[in-house]
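J.: just coords:
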Ligand SMILES: Nc1ncnc2c1ncn2[C@@H]1O[C@H](COP(=O)(O)OP(=O)(O)OP(=O)(O)O)[C@@H](O)[C@H]1O
Ligand SMILES: [Mg+2]
(Lines give C-alpha, C1' and ligand atoms only; values in the text may rest on other atoms or scores of the structure.)
(Ligands and ions follow the chains in the order given, each with its own letter.)
Protein backbone atom coordinates (compact mmCIF):
# COMPACT_ATOMS: atom_id res chain seq x y z
CA UNK A 1 0.00 0.00 0.00
CA UNK A 2 3.06 2.28 0.02
CA UNK A 3 2.95 3.32 -3.65
CA UNK A 4 0.78 6.38 -4.19
CA UNK A 5 -2.37 5.84 -6.21
CA UNK A 6 -3.61 8.26 -8.87
CA UNK A 7 -6.77 8.73 -6.82
CA UNK A 8 -5.06 8.80 -3.43
CA UNK A 9 -6.20 12.37 -2.75
CA UNK A 10 -9.86 11.31 -2.88
CA UNK A 11 -9.17 8.41 -0.53
CA UNK A 12 -7.35 10.66 1.94
CA UNK A 13 -10.19 13.14 1.83
CA UNK A 14 -12.71 10.46 2.59
CA UNK A 15 -10.62 9.21 5.52
CA UNK A 16 -9.78 12.54 7.13
CA UNK A 17 -12.66 14.88 6.26
CA UNK A 18 -14.40 14.59 9.64
CA UNK A 19 -16.57 17.58 9.16
CA UNK A 20 -17.64 16.77 5.62
CA UNK A 21 -20.12 14.46 3.97
CA UNK A 22 -19.02 12.33 1.07
CA UNK A 23 -20.69 10.17 -1.50
CA UNK A 24 -18.46 7.73 -3.35
CA UNK A 25 -19.64 5.91 -6.41
CA UNK A 26 -16.95 3.56 -7.60
CA UNK A 27 -16.51 0.22 -9.25
CA UNK A 28 -16.29 -3.22 -7.68
CA UNK A 29 -13.13 -3.79 -5.71
CA UNK A 30 -12.10 -0.14 -5.71
CA UNK A 31 -11.73 -0.03 -1.95
CA UNK A 32 -15.03 1.54 -0.85
CA UNK A 33 -15.56 -0.66 2.18
CA UNK A 34 -11.87 -0.29 3.00
CA UNK A 35 -12.27 3.50 2.82
CA UNK A 36 -15.09 3.30 5.38
CA UNK A 37 -12.87 1.19 7.65
CA UNK A 38 -10.06 3.72 7.32
CA UNK A 39 -12.38 6.59 8.16
CA UNK A 40 -13.69 4.81 11.25
CA UNK A 41 -10.19 3.83 12.36
CA UNK A 42 -8.99 7.40 11.97
CA UNK A 43 -11.98 8.58 13.97
CA UNK A 44 -11.23 6.10 16.74
CA UNK A 45 -7.66 7.40 16.93
CA UNK A 46 -8.69 11.01 17.05
CA UNK A 47 -9.30 13.03 20.15
CA UNK A 48 -13.03 13.34 20.67
CA UNK A 49 -13.56 10.44 18.28
CA UNK A 50 -15.01 8.22 20.99
CA UNK A 51 -17.90 10.59 21.52
CA UNK A 52 -18.65 10.70 17.80
CA UNK A 53 -18.44 6.95 17.40
CA UNK A 54 -21.00 6.47 20.15
CA UNK A 55 -23.50 8.10 17.81
CA UNK A 56 -22.25 6.60 14.57
CA UNK A 57 -24.30 4.03 12.67
CA UNK A 58 -22.41 2.00 10.08
CA UNK A 59 -25.09 0.31 8.05
CA UNK A 60 -25.70 -1.68 4.91
CA UNK A 61 -28.53 -3.71 3.46
CA UNK A 62 -27.35 -7.28 3.93
CA UNK A 63 -26.48 -8.83 7.27
CA UNK A 64 -23.30 -10.53 6.12
CA UNK A 65 -21.87 -7.34 4.67
CA UNK A 66 -22.78 -5.46 7.86
CA UNK A 67 -20.82 -7.94 9.97
CA UNK A 68 -17.86 -7.69 7.60
CA UNK A 69 -17.51 -3.92 7.89
CA UNK A 70 -17.16 -4.21 11.66
CA UNK A 71 -14.43 -6.83 11.29
CA UNK A 72 -12.62 -4.87 8.59
CA UNK A 73 -12.71 -1.66 10.63
CA UNK A 74 -11.25 -3.48 13.65
CA UNK A 75 -8.50 -5.02 11.50
CA UNK A 76 -7.56 -1.67 9.96
CA UNK A 77 -7.52 0.03 13.34
CA UNK A 78 -5.34 -2.71 14.86
CA UNK A 79 -2.92 -2.20 11.95
CA UNK A 80 -2.83 1.56 12.40
CA UNK A 81 -2.23 1.16 16.13
CA UNK A 82 0.65 -1.22 15.46
CA UNK A 83 2.13 1.16 12.87
CA UNK A 84 2.00 3.99 15.38
CA UNK A 85 3.61 1.76 18.01
CA UNK A 86 0.69 2.31 20.36
CA UNK A 87 0.00 -0.24 22.98
CA UNK A 88 -3.11 1.21 24.61
CA UNK A 89 -6.26 -0.38 23.27
CA UNK A 90 -8.61 2.48 24.05
CA UNK A 91 -9.22 3.28 20.35
CA UNK A 92 -10.47 -0.28 19.78
CA UNK A 93 -12.84 0.30 22.64
CA UNK A 94 -14.02 3.52 21.01
CA UNK A 95 -14.72 1.70 17.77
CA UNK A 96 -16.85 -0.85 19.60
CA UNK A 97 -19.22 1.92 20.58
CA UNK A 98 -20.38 2.46 17.02
CA UNK A 99 -23.48 0.70 15.76
CA UNK A 100 -22.61 -1.84 13.07
CA UNK A 101 -25.56 -3.59 11.52
CA UNK A 102 -28.21 -3.77 8.85
CA UNK A 103 -30.39 -0.81 8.03
CA UNK A 104 -33.32 -2.87 9.32
CA UNK A 105 -31.78 -3.48 12.69
CA UNK A 106 -30.89 0.19 13.01
CA UNK A 107 -34.51 1.06 12.22
CA UNK A 108 -35.62 -1.39 14.90
CA UNK A 109 -33.32 0.33 17.37
CA UNK A 110 -34.78 3.76 16.54
CA UNK A 111 -38.33 2.44 16.87
CA UNK A 112 -37.54 0.72 20.18
CA UNK A 113 -35.90 3.77 21.68
CA UNK A 114 -38.45 6.29 20.54
CA UNK A 115 -41.64 4.47 19.62
CA UNK A 116 -43.14 3.94 23.04
CA UNK A 117 -45.10 7.16 23.14
CA UNK A 118 -46.44 6.41 19.66
CA UNK A 119 -47.89 3.04 20.55
CA UNK A 120 -45.44 1.05 18.44
CA UNK A 121 -44.65 -2.53 19.28
CA UNK A 122 -41.30 -2.33 21.03
CA UNK A 123 -40.51 -5.99 21.01
CA UNK A 124 -41.73 -7.46 17.75
CA UNK A 125 -40.91 -10.94 16.56
CA UNK A 126 -38.92 -10.28 13.42
CA UNK A 127 -39.72 -12.31 10.36
CA UNK A 128 -36.41 -13.02 8.72
CA UNK A 129 -35.77 -14.28 5.25
CA UNK A 130 -37.87 -15.31 2.30
CA UNK A 131 -39.01 -18.67 3.74
CA UNK A 132 -40.38 -17.18 6.94
CA UNK A 133 -42.09 -14.37 5.02
CA UNK A 134 -43.68 -16.90 2.69
CA UNK A 135 -44.94 -19.01 5.61
CA UNK A 136 -46.38 -15.95 7.32
CA UNK A 137 -48.17 -14.88 4.16
CA UNK A 138 -49.64 -18.37 3.68
CA UNK A 139 -50.87 -18.36 7.25
CA UNK A 140 -52.53 -15.01 6.71
CA UNK A 141 -54.22 -16.18 3.51
CA UNK A 142 -55.58 -19.26 5.19
CA UNK A 143 -57.42 -17.39 7.90
CA UNK A 144 -58.57 -14.40 5.80
CA UNK A 145 -62.25 -14.43 4.85
CA UNK A 146 -61.47 -12.77 1.50
CA UNK A 147 -64.28 -10.27 1.90
CA UNK A 148 -63.58 -6.96 0.18
CA UNK A 149 -65.08 -3.53 0.69
CA UNK A 150 -62.88 -1.58 -1.73
CA UNK A 151 -65.19 -2.46 -4.64
CA UNK A 152 -68.95 -2.81 -4.97
CA UNK A 153 -70.15 -6.45 -5.11
CA UNK A 154 -70.97 -6.12 -8.82
CA UNK A 155 -67.44 -4.87 -9.48
CA UNK A 156 -65.91 -7.78 -7.62
CA UNK A 157 -68.08 -10.13 -9.62
CA UNK A 158 -66.98 -8.43 -12.83
CA UNK A 159 -63.32 -8.77 -11.84
CA UNK A 160 -63.69 -12.45 -10.94
CA UNK A 161 -65.33 -13.10 -14.30
CA UNK A 162 -61.97 -12.60 -15.99
CA UNK A 163 -59.29 -13.15 -13.36
CA UNK A 164 -58.90 -15.54 -10.42
CA UNK A 165 -58.61 -13.91 -7.00
CA UNK A 166 -55.11 -15.28 -6.45
CA UNK A 167 -53.87 -13.14 -9.35
CA UNK A 168 -53.73 -10.22 -6.88
CA UNK A 169 -51.79 -12.10 -4.18
CA UNK A 170 -48.31 -11.45 -5.52
CA UNK A 171 -48.94 -7.72 -5.61
CA UNK A 172 -50.74 -7.59 -2.26
CA UNK A 173 -47.97 -9.34 -0.41
CA UNK A 174 -45.27 -6.80 -1.07
CA UNK A 175 -47.10 -3.47 -1.11
CA UNK A 176 -45.93 -0.87 1.36
CA UNK A 177 -48.56 0.91 3.44
CA UNK A 178 -48.63 4.15 1.46
CA UNK A 179 -49.00 2.47 -1.91
CA UNK A 180 -51.58 0.01 -0.56
CA UNK A 181 -53.73 2.85 0.80
CA UNK A 182 -53.44 4.78 -2.46
CA UNK A 183 -54.42 1.80 -4.61
CA UNK A 184 -57.27 0.83 -2.34
CA UNK A 185 -58.87 4.24 -2.55
CA UNK A 186 -58.23 4.83 -6.28
CA UNK A 187 -60.51 2.06 -7.61
CA UNK A 188 -61.72 1.43 -11.16
CA UNK A 189 -64.58 2.93 -13.18
CA UNK A 190 -68.04 1.69 -12.10
CA UNK A 191 -68.29 -1.07 -14.71
CA UNK A 192 -65.73 -2.65 -17.02
CA UNK A 193 -65.70 -1.16 -20.51
CA UNK A 194 -66.23 -3.31 -23.58
CA UNK A 195 -63.27 -4.50 -25.62
CA UNK A 196 -62.28 -2.03 -28.34
CA UNK A 197 -64.75 -2.06 -31.24
CA UNK A 198 -62.25 -0.36 -33.53
CA UNK A 199 -59.64 -3.03 -32.85
CA UNK A 200 -62.23 -5.77 -33.43
CA UNK A 201 -63.01 -4.27 -36.86
CA UNK A 202 -59.29 -4.37 -37.66
CA UNK A 203 -59.07 -8.00 -36.53
CA UNK A 204 -62.04 -8.93 -38.70
CA UNK A 205 -60.60 -7.07 -41.70
CA UNK A 206 -57.10 -8.60 -41.32
CA UNK A 207 -55.83 -10.84 -44.13
CA UNK A 208 -53.32 -13.61 -44.18
CA UNK A 209 -52.25 -16.22 -46.69
CA UNK A 210 -50.99 -19.76 -46.50
CA UNK A 211 -50.71 -21.43 -43.13
CA UNK A 212 -51.52 -18.24 -41.24
CA UNK A 213 -54.99 -18.01 -42.79
CA UNK A 214 -56.39 -20.80 -40.69
CA UNK A 215 -55.14 -19.34 -37.41
CA UNK A 216 -56.39 -15.93 -38.40
CA UNK A 217 -59.85 -17.31 -39.06
CA UNK A 218 -59.86 -18.93 -35.61
CA UNK A 219 -58.64 -15.69 -34.00
CA UNK A 220 -61.32 -13.65 -35.76
CA UNK A 221 -64.12 -15.97 -34.66
CA UNK A 222 -62.76 -16.17 -31.14
CA UNK A 223 -62.60 -12.38 -30.80
CA UNK A 224 -66.14 -11.92 -32.00
CA UNK A 225 -67.46 -14.75 -29.86
CA UNK A 226 -65.69 -13.33 -26.83
CA UNK A 227 -67.48 -10.01 -27.20
CA UNK A 228 -70.80 -11.76 -27.62
CA UNK A 229 -70.31 -13.69 -24.39
CA UNK A 230 -68.95 -10.61 -22.62
CA UNK A 231 -72.22 -8.85 -23.40
CA UNK A 232 -74.74 -11.64 -23.04
CA UNK A 233 -73.43 -13.92 -20.29
CA UNK A 234 -72.21 -13.64 -16.71
CA UNK A 235 -70.09 -16.76 -16.23
CA UNK A 236 -66.29 -17.08 -16.04
CA UNK A 237 -64.74 -15.67 -19.19
CA UNK A 238 -60.95 -15.63 -19.24
CA UNK A 239 -59.20 -13.21 -21.58
CA UNK A 240 -58.68 -14.86 -24.96
CA UNK A 241 -55.24 -15.52 -26.41
CA UNK A 242 -54.61 -15.53 -30.14
CA UNK A 243 -53.13 -18.47 -32.02
CA UNK A 244 -49.92 -17.89 -33.99
CA UNK A 245 -48.64 -14.53 -35.17
CA UNK A 246 -50.17 -14.08 -38.63
CA UNK A 247 -51.47 -10.58 -39.50
CA UNK A 248 -49.73 -9.12 -36.47
CA UNK A 249 -52.48 -10.65 -34.38
CA UNK A 250 -50.67 -10.22 -31.04
CA UNK A 251 -50.79 -6.45 -31.28
CA UNK A 252 -54.35 -6.43 -32.59
CA UNK A 253 -55.54 -8.58 -29.67
CA UNK A 254 -53.65 -6.35 -27.22
CA UNK A 255 -55.45 -3.29 -28.61
CA UNK A 256 -58.76 -5.16 -28.60
CA UNK A 257 -58.50 -6.14 -24.93
CA UNK A 258 -56.71 -3.02 -23.67
CA UNK A 259 -59.81 -1.29 -22.19
CA UNK A 260 -60.86 -4.46 -20.31
CA UNK A 261 -57.31 -5.11 -19.10
CA UNK A 262 -56.90 -1.55 -17.87
CA UNK A 263 -60.11 -1.86 -15.86
CA UNK A 264 -59.02 -5.22 -14.45
CA UNK A 265 -55.67 -3.73 -13.47
CA UNK A 266 -57.38 -0.90 -11.56
CA UNK A 267 -59.86 -3.24 -9.90
CA UNK A 268 -57.15 -5.79 -9.02
CA UNK A 269 -54.95 -3.04 -7.60
CA UNK A 270 -57.76 -1.83 -5.32
CA UNK A 271 -58.34 -5.38 -4.07
CA UNK A 272 -54.61 -5.93 -3.61
CA UNK A 273 -54.36 -2.65 -1.69
CA UNK A 274 -57.15 -3.71 0.65
CA UNK A 275 -55.63 -7.15 1.18
CA UNK A 276 -52.20 -5.64 1.84
CA UNK A 277 -53.61 -3.32 4.49
CA UNK A 278 -55.41 -6.22 6.12
CA UNK A 279 -52.20 -8.27 6.08
CA UNK A 280 -50.44 -5.38 7.77
CA UNK A 281 -53.06 -5.05 10.49
CA UNK A 282 -52.93 -8.82 11.06
CA UNK A 283 -49.13 -8.70 11.49
CA UNK A 284 -49.48 -5.80 13.87
CA UNK A 285 -52.05 -7.67 16.00
CA UNK A 286 -49.78 -10.67 16.23
CA UNK A 287 -46.74 -8.57 17.12
CA UNK A 288 -44.67 -9.67 14.14
CA UNK A 289 -42.71 -7.45 11.80
CA UNK A 290 -41.18 -8.07 8.41
CA UNK A 291 -38.03 -6.22 7.40
CA UNK A 292 -40.14 -3.66 5.58
CA UNK A 293 -42.26 -3.16 8.72
CA UNK A 294 -39.14 -2.26 10.67
CA UNK A 295 -38.28 0.51 8.26
CA UNK A 296 -41.89 1.67 8.29
CA UNK A 297 -41.91 1.75 12.09
CA UNK A 298 -38.82 3.96 12.08
CA UNK A 299 -40.45 6.24 9.52
CA UNK A 300 -43.54 6.44 11.71
CA UNK A 301 -41.32 7.58 14.58
CA UNK A 302 -39.82 10.28 12.38
CA UNK A 303 -43.27 11.51 11.32
CA UNK A 304 -43.72 12.74 14.86
CA UNK A 305 -42.14 16.20 14.83
CA UNK A 306 -41.08 16.24 18.48
CA UNK A 307 -39.50 12.79 18.29
CA UNK A 308 -37.78 13.64 15.02
CA UNK A 309 -36.13 16.69 16.58
CA UNK A 310 -35.14 14.67 19.64
CA UNK A 311 -33.41 12.09 17.43
CA UNK A 312 -31.74 14.78 15.34
CA UNK A 313 -30.49 16.42 18.53
CA UNK A 314 -28.72 13.17 19.45
CA UNK A 315 -26.33 13.93 16.60
CA UNK A 316 -26.31 10.63 14.69
CA UNK A 317 -23.66 10.10 12.04
CA UNK A 318 -24.54 7.62 9.33
CA UNK A 319 -22.05 5.70 7.22
CA UNK A 320 -23.79 3.69 4.52
CA UNK A 321 -22.13 0.93 2.49
CA UNK A 322 -23.61 -0.70 -0.65
CA UNK A 323 -25.84 2.35 -0.98
CA UNK A 324 -27.12 1.15 -4.36
CA UNK A 325 -29.16 -1.49 -2.49
CA UNK A 326 -30.91 1.05 -0.29
CA UNK A 327 -34.56 1.67 -1.07
CA UNK A 328 -36.25 5.09 -0.85
CA UNK A 329 -37.78 4.51 2.59
CA UNK A 330 -34.50 3.32 4.05
CA UNK A 331 -32.71 6.31 2.56
CA UNK A 332 -35.36 8.55 4.09
CA UNK A 333 -34.72 7.23 7.61
CA UNK A 334 -30.93 7.46 7.31
CA UNK A 335 -30.97 10.92 5.79
CA UNK A 336 -33.66 12.54 7.93
CA UNK A 337 -31.99 11.79 11.25
CA UNK A 338 -28.83 13.54 10.07
CA UNK A 339 -30.47 16.71 8.75
CA UNK A 340 -30.37 19.98 10.72
CA UNK A 341 -33.04 20.83 13.30
CA UNK A 342 -36.27 22.03 11.75
CA UNK A 343 -35.58 20.70 8.24
CA UNK A 344 -39.01 19.68 6.89
CA UNK A 345 -39.31 15.94 6.20
CA UNK A 346 -38.83 14.79 2.63
CA UNK A 347 -37.21 17.96 1.32
CA UNK A 348 -33.76 16.55 0.52
CA UNK A 349 -32.58 15.73 -2.05
CA UNK A 350 -35.95 16.09 -3.81
CA UNK A 351 -36.99 19.53 -2.60
CA UNK A 352 -33.49 20.96 -2.49
CA UNK A 353 -33.89 21.60 1.23
CA UNK A 354 -30.95 21.43 3.63
CA UNK A 355 -29.03 18.19 3.25
CA UNK A 356 -27.42 16.20 6.07
CA UNK A 357 -25.35 18.20 8.55
CA UNK A 358 -21.66 18.36 7.61
CA UNK A 359 -19.80 15.29 8.84
CA UNK A 360 -22.98 13.36 9.56
CA UNK A 361 -23.64 11.37 6.39
CA UNK A 362 -21.35 9.37 4.14
CA UNK A 363 -22.32 6.78 1.61
CA UNK A 364 -20.45 4.51 -0.78
CA UNK A 365 -21.87 2.37 -3.50
CA UNK A 366 -21.73 1.27 -7.08
CA UNK A 367 -24.70 1.67 -9.39
CA UNK A 368 -23.29 -1.04 -11.61
CA UNK A 369 -23.69 -3.61 -8.86
CA UNK A 370 -27.35 -2.86 -8.47
CA UNK A 371 -29.95 -5.11 -9.98
CA UNK A 372 -32.80 -2.93 -11.11
CA UNK A 373 -35.87 -3.66 -9.06
CA UNK A 374 -38.83 -1.79 -7.75
CA UNK A 375 -37.45 -2.12 -4.23
CA UNK A 376 -34.07 -0.50 -4.51
CA UNK A 377 -34.40 1.40 -7.75
CA UNK A 378 -30.90 2.46 -8.75
CA UNK A 379 -32.27 5.83 -9.86
CA UNK A 380 -32.92 6.65 -6.23
CA UNK A 381 -29.24 6.07 -5.41
CA UNK A 382 -28.35 8.22 -8.39
CA UNK A 383 -30.56 11.08 -7.20
CA UNK A 384 -28.61 11.20 -3.96
CA UNK A 385 -25.32 11.03 -5.85
CA UNK A 386 -26.39 13.86 -8.13
CA UNK A 387 -27.21 16.04 -5.12
CA UNK A 388 -23.68 15.47 -3.82
CA UNK A 389 -22.27 16.17 -7.29
CA UNK A 390 -24.08 19.54 -7.23
CA UNK A 391 -22.44 20.19 -3.88
CA UNK A 392 -25.75 19.88 -2.05
CA UNK A 393 -25.40 17.92 1.15
CA UNK A 394 -21.76 17.06 0.63
CA UNK A 395 -19.11 16.23 -1.87
CA UNK A 396 -18.97 13.52 -4.47
CA UNK A 397 -15.74 11.56 -4.78
CA UNK A 398 -14.66 8.91 -7.25
CA UNK A 399 -12.17 6.10 -6.85
CA UNK A 400 -10.91 4.96 -10.25
CA UNK A 401 -8.47 2.30 -9.18
CA UNK A 402 -9.73 -1.23 -8.70
CA UNK A 403 -7.58 -3.71 -6.81
CA UNK A 404 -9.42 -6.88 -7.69
CA UNK A 405 -9.19 -7.37 -11.42
CA UNK A 406 -6.03 -8.25 -13.38
CA UNK A 407 -4.82 -5.56 -15.76
CA UNK A 408 -5.77 -7.42 -18.94
CA UNK A 409 -9.31 -7.90 -17.65
CA UNK A 410 -9.59 -4.20 -16.88
CA UNK A 411 -8.48 -3.42 -20.43
CA UNK A 412 -11.14 -5.72 -21.84
CA UNK A 413 -13.92 -4.32 -19.63
CA UNK A 414 -13.02 -0.73 -20.49
CA UNK A 415 -13.06 -1.59 -24.19
CA UNK A 416 -16.36 -3.46 -24.28
CA UNK A 417 -18.68 -2.39 -21.48
CA UNK A 418 -19.27 1.29 -22.34
CA UNK A 419 -21.17 0.14 -25.43
CA UNK A 420 -22.94 -2.72 -23.60
CA UNK A 421 -24.23 -0.35 -20.90
CA UNK A 422 -24.74 2.51 -23.36
CA UNK A 423 -27.96 4.18 -24.42
CA UNK A 424 -27.73 2.54 -27.85
CA UNK A 425 -28.72 -0.90 -26.56
CA UNK A 426 -32.43 -1.60 -26.65
CA UNK A 427 -32.33 -4.00 -23.67
CA UNK A 428 -31.09 -1.18 -21.42
CA UNK A 429 -34.49 0.49 -21.72
CA UNK A 430 -37.64 -0.20 -19.74
CA UNK A 431 -41.22 -0.12 -20.92
CA UNK A 432 -42.24 3.25 -22.35
CA UNK A 433 -44.63 5.15 -20.04
CA UNK A 434 -47.00 5.77 -22.97
CA UNK A 435 -47.35 4.76 -26.60
CA UNK A 436 -44.68 6.39 -28.72
CA UNK A 437 -42.74 7.69 -25.69
CA UNK A 438 -39.13 6.69 -25.08
CA UNK A 439 -38.61 3.96 -22.45
CA UNK A 440 -36.60 5.03 -19.40
CA UNK A 441 -32.94 4.03 -19.42
CA UNK A 442 -32.43 1.41 -16.71
CA UNK A 443 -28.68 1.30 -16.89
CA UNK A 444 -26.01 3.41 -15.25
CA UNK A 445 -23.05 4.85 -17.13
CA UNK A 446 -19.99 2.65 -17.14
CA UNK A 447 -17.14 4.21 -15.20
CA UNK A 448 -13.76 3.23 -16.64
CA UNK A 449 -11.48 1.26 -14.33
CA UNK A 450 -7.79 1.74 -13.66
CA UNK A 451 -5.52 -1.03 -12.34
CA UNK A 452 -3.82 -0.69 -8.98
CA UNK A 453 -0.02 -0.74 -9.02
CA UNK A 454 0.10 -4.32 -7.80
CA UNK A 455 -2.65 -5.89 -9.85
CA UNK A 456 -1.49 -8.96 -11.74
CA UNK A 457 -1.03 -8.64 -15.51
CA UNK A 458 -3.54 -11.46 -16.13
CA UNK A 459 -4.70 -12.58 -19.54
CA UNK A 460 -7.78 -12.45 -21.67
CA UNK A 461 -8.72 -15.10 -24.21
CA UNK A 462 -11.71 -16.29 -26.14
CA UNK A 463 -12.17 -19.96 -25.39
CA UNK A 464 -13.13 -22.09 -28.36
CA UNK A 465 -15.84 -24.06 -26.55
CA UNK A 466 -17.93 -26.22 -28.86
CA UNK A 467 -21.59 -26.21 -27.85
CA UNK A 468 -23.09 -29.47 -26.60
CA UNK A 469 -25.57 -31.36 -28.74
CA UNK A 470 -29.17 -30.24 -28.32
CA UNK A 471 -31.05 -31.76 -25.38
CA UNK A 472 -27.87 -32.68 -23.50
CA UNK A 473 -28.56 -32.69 -19.74
CA UNK A 474 -27.18 -29.76 -17.76
CA UNK A 475 -24.57 -31.83 -15.87
CA UNK A 476 -23.29 -33.43 -19.07
CA UNK A 477 -23.23 -30.05 -20.80
CA UNK A 478 -21.23 -28.59 -17.93
CA UNK A 479 -18.82 -31.54 -17.84
CA UNK A 480 -18.20 -31.25 -21.59
CA UNK A 481 -17.46 -27.55 -21.21
CA UNK A 482 -15.14 -28.06 -18.27
CA UNK A 483 -13.17 -30.74 -20.16
CA UNK A 484 -12.69 -28.36 -23.07
CA UNK A 485 -11.50 -25.56 -20.80
CA UNK A 486 -9.08 -27.96 -19.07
CA UNK A 487 -7.72 -29.12 -22.45
CA UNK A 488 -7.26 -25.50 -23.52
CA UNK A 489 -5.44 -24.65 -20.29
CA UNK A 490 -3.10 -27.61 -20.73
CA UNK A 491 -2.29 -26.52 -24.25
CA UNK A 492 -1.19 -23.05 -23.06
N1 LIG B 1 -5.90 1.76 -0.89
C2 LIG B 1 -5.75 0.48 -1.17
N3 LIG B 1 -4.56 -0.01 -1.56
C4 LIG B 1 -4.37 -1.33 -1.86
N5 LIG B 1 -5.36 -2.24 -1.76
C6 LIG B 1 -6.57 -1.83 -1.37
C7 LIG B 1 -6.85 -0.45 -1.06
N8 LIG B 1 -8.15 -0.33 -0.72
C9 LIG B 1 -8.66 -1.57 -0.83
N10 LIG B 1 -7.73 -2.46 -1.20
C11 LIG B 1 -7.95 -3.90 -1.42
O12 LIG B 1 -8.83 -4.05 -2.53
C13 LIG B 1 -9.76 -5.10 -2.32
C14 LIG B 1 -11.18 -4.56 -2.47
O15 LIG B 1 -11.46 -3.66 -1.43
P16 LIG B 1 -12.93 -3.38 -0.90
O17 LIG B 1 -13.61 -4.62 -0.52
O18 LIG B 1 -12.81 -2.30 0.11
O19 LIG B 1 -13.59 -2.82 -2.22
P20 LIG B 1 -15.10 -2.38 -2.47
O21 LIG B 1 -15.06 -1.22 -3.38
O22 LIG B 1 -15.79 -2.20 -1.18
O23 LIG B 1 -15.68 -3.65 -3.23
P24 LIG B 1 -17.23 -3.98 -3.56
O25 LIG B 1 -17.57 -3.14 -4.75
O26 LIG B 1 -17.23 -5.42 -3.87
O27 LIG B 1 -18.01 -3.61 -2.35
C28 LIG B 1 -9.48 -5.63 -0.94
O29 LIG B 1 -8.70 -6.79 -1.08
C30 LIG B 1 -8.70 -4.52 -0.27
O31 LIG B 1 -7.82 -5.01 0.70
MG1 LIG C 1 -17.58 -3.09 -0.48
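T.: Ah, there it is. Treat the numbers as computed from the prediction; the structure is a model and nothing was measured. Ligands and ions are numbered 1, 2, ... in the order given.

J.: Any buried residues in stretch 129-147, and which?
T.: Across stretch 129-147, burial judged by 16 or more other CB atoms under 10 Å covers 133, 136, 137, 140. Where C-beta positions appear, they are placed from N, C-alpha and C, glycine not excepted.

J.: Which residues does stretch 158-177 contact?
T.: 137, 141, 146, 151, 180, 183, 191-192, 234-239, 260, 264, 267-269, 271-273, 275-277, 279-280, 292, 296, 329 (CB atoms under 8 Å, 6 or more residues apart in numbering).

J.: and if we set it to 6 Å?
T.: Outside stretch 158-177, the residues within contact range by CB atoms under 6 Å, 6 or more residues apart in numbering are 137, 192, 237, 239, 264, 267, 268, 271, 272, 275, 276.

J.: List just the nearest of those to residue 318.
T.: Proximity of the contacts of stretch 158-177 to residue 318 (CB to CB) peaks at residue 276, which lies at 29.4 Å.

J.: helices and strands around the helix or strand where the closest one lies, which ones?
T.: Taking DSSP states H and E as the definition, residue 276 sits inside helix 249-286. Applying 3 or more CB pairs under 6 Å, 6 or more residues apart in numbering; DSSP states H and E, we find helix 249-286 packed against helix 169-174, helix 177-186, helix 197-205.

J.: Compare those helices and give me the one nearest residue 76.
T.: So among the helices and strands packed on helix 249-286, helix 169-174 is nearest, using CB to CB, at 38.1 Å.

J.: still on that earlier bit, give the buried residues for the helix holding residue 276.
T.: By neighbour count with 16+ other CB under 10 Å, helix 249-286 contains the buried residues 249, 252-253, 255-257, 259-261, 263-264, 266-280, 283.

J.: Find the closest residue to ligand 2 in the stretch 101-250 of the chain.
T.: Closest to ligand 2 within the stretch 101-250 of the chain is residue 102: 14.8 Å, counting by CB to the ion.

J.: And that residue, its phi and psi?
T.: When read as degrees, to the nearest 10, the backbone of residue 102 gives phi -80, psi 160.

J.: Could you list the contact residues of the stretch 1-150 of the chain toward ligand 1?
T.: Within reach of ligand 1 by CB under 6 Å from any ligand atom, the stretch 1-150 of the chain has these residues: 1, 11, 28, 29, 30, 31, 32, 33, 34.

J.: Take these and lay them out in TSV including neighbour count.
T.: Shown next, in TSV, are these (neighbours: other CB atoms under 10 Å):
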residue	neighbour count
1	10
11	20
28	13
29	18
30	26
31	23
32	22
33	18
34	21
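
J.: farthest pair in these?
T.: Spanning the widest gap among these are 1 and 28, at 19.0 Å by CB to CB.

J.: Next, work out how far apart the residue nearest to residue 127 when sequence neighbours are not counted and ligand 1 are.
T.: Distances taken as CB to CB, 6 or more residues apart in numbering place residue 290 nearest to residue 127, at 4.9 Å, with adjacent residues excluded. Using CB to the nearest ligand atom, to the nearest Å, we find residue 290 at a distance of 26 Å from ligand 1.

J.: Number the chain from 32, please
T.: In the new numbering, first residue 32, that becomes residue 321.

J.: Surely residue 321 touches residue 160?
T.: No - Residue 321 is not in contact with residue 160 according to CB atoms under 6 Å; the separation is 10.1 Å.

J.: Give me the below-cutoff pLDDT ranges for the stretch 32-181 of the chain.
T.: 32-33 (pLDDT under 70).

J.: need the residues of it near ligand 2, please.
T.: 63, 64 (CB under 5 Å from the ion).

J.: All the strands of the stretch 32-181 of the chain, in order from the start?
T.: Along the stretch 32-181 of the chain, the segments classed as strands by DSSP state E, counting those that start in this stretch run 53-56, 87-91, 130-133, 156-157.

J.: Using CSV, please lay out those strands together with mean neighbour count.
T.: Putting the strands of the stretch 32-181 of the chain into CSV (neighbours: other CB under 10 Å) gives the following:
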stretch, mean neighbour count
strand 53-56, 25
strand 87-91, 25
strand 130-133, 20
strand 156-157, 14
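
J.: would a markdown table of the ones you listed with distance to residue 387 be doable?
T.: Below are the strands of the stretch 32-181 of the chain laid out as a markdown table (distance: least, CB to CB, whole Å):
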| stretch | distance to residue 387 |
| --- | --- |
| strand 53-56 | 10 |
| strand 87-91 | 12 |
| strand 130-133 | 17 |
| strand 156-157 | 28 |
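
J.: who's in contact with the residue of the chain found nearest ligand 2?
T.: Taking CB to the ion as the measure, the point where the chain comes nearest ligand 2 is residue 64, at 3.3 Å. Applying CB under 6 Å, 6+ apart, we find residue 64 in contact with residue 352.

J.: What sits closest to the closest residue to ligand 1 within the stretch 182-331 of the chain if chain neighbours are left out?
T.: Nearest to ligand 1, among the residues of the stretch 182-331 of the chain, is residue 322, at 21.1 Å (CB to the nearest ligand atom). Once flanking residues are discounted, residue 322 sits nearest to residue 135: 4.8 Å by CB to CB, 6+ apart.

J.: What of residue 132?
T.: residue 97 (5.1 Å).

J.: now the one you found: how far from residue 111?
T.: Residue 97 sits 22 Å away from residue 111, going by CB to CB, to the nearest Å.

J.: Got phi/psi on the residue of the chain most remote from its centre?
T.: Outermost residue of the chain with respect to the C-alpha centroid, by CA atoms, centre = their mean, is residue 241; its distance is 48.2 Å. Residue 241 adopts backbone torsions of phi 70, psi -140, taken as degrees, to the nearest 10.

J.: now do residue 351
T.: phi -110, psi 120.

J.: Please apply the same query to residue 515.
T.: Dihedral angles (degrees, to the nearest 10) for residue 515: phi -70, psi -40.
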